[in-house]
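The sequence and its predicted three-dimensional model are supplied below.
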Amino acid sequence: MVGKHKGKSGVVLKVLREANAVFVDGLHTKLVTEMENLERYGLKKMFKWAESALDASKEEVMLVDPQEKEPCTAKWVLNEAKTEWIRVSDKSGVEIPLPNQAKVTYEYISAKDYIEVEGKDTTSDIALKRTYTPKLCLVEQEIMDELGIKEDRKPKQTFWY
């Protein structure tokens with residue numbers, strides 16, 4: 001953490017991958033007004049605490065080493081079975097597990113609970129089947145070959161300056 005919350009740890013609320021930003025619960029907060037013109041209507045100003053984004057690339061927020069309980073960097077390595085990527089602490093070499101919330105999608109909460117609907121879901125072996133064979137030609141040329149169109153015209157000469 002940076003600023004007045006330096007050295008503290010908290011739970012990650014939200015991660016914005018596009019902006020490389022992390023929001024931590026209760027830390028790095030600002031007091032902001034809820035609505036601007038309440039005094040005009042005879043009401044008191046309303047305030048709320050809002051978390052500010054921390055930039056992970058600038059090391060404003062870091063992972064906590066599970067063994068030493070200190071900030072650390074991590075690297076992604078394959079596990080012993082070479083089937084899954086895991087996070088490993090650079091300091092102690094201990095695995096830093098991913099939270100359960102990281103594996104939640106809009107289809108299921110955990111992958112074990114997902115039920116394939118027969119007739120509606122495409123099975124994985126059909127979805128992973130390679131059906132495209134690449135060719136060294138343009139899309140237009142490929143369509144012309146399929147339709148049996150022969151191109152006899154010569155392209156106009158072009159010049160590069």
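Received, thanks.

OK, contacts around residue 111?
residue 103 (Cβ atoms under 8 Å, 6 or more residues apart in numbering). C-beta coordinates here come from the backbone N, C-alpha and C atoms, glycine included.

Tell me the spacing between it and residue 100.
11 Å (Cβ to Cβ, to the nearest Å).

count of neighbours near residue 152?
For residue 152, the neighbour count with other Cβ atoms under 10 Å is 4.

Please enumerate the helices of this structure.
In the chain, the segments counted as helices under DSSP state H are 124-127, 139-147.

now what about the longest one, what contacts it?
Residues from elsewhere that reach helix 139-147, judged by Cβ under 8 Å, 6+ apart: 135, 137, 150-151.

Could I get the residues you listed in JSON lines, plus columns for neighbour count, pLDDT and distance to residue 32?
Formatted as JSON lines, the contacts of helix 139-147 follow (neighbours: other Cβ atoms under 10 Å; pLDDT from 0 to 100; distance: Cβ to Cβ, whole Å):
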{"residue": "135", "neighbour count": "10", "pLDDT": "87", "distance to residue 32": "58"}
{"residue": "137", "neighbour count": "11", "pLDDT": "90", "distance to residue 32": "58"}
{"residue": "150", "neighbour count": "6", "pLDDT": "92", "distance to residue 32": "69"}
{"residue": "151", "neighbour count": "9", "pLDDT": "87", "distance to residue 32": "65"}
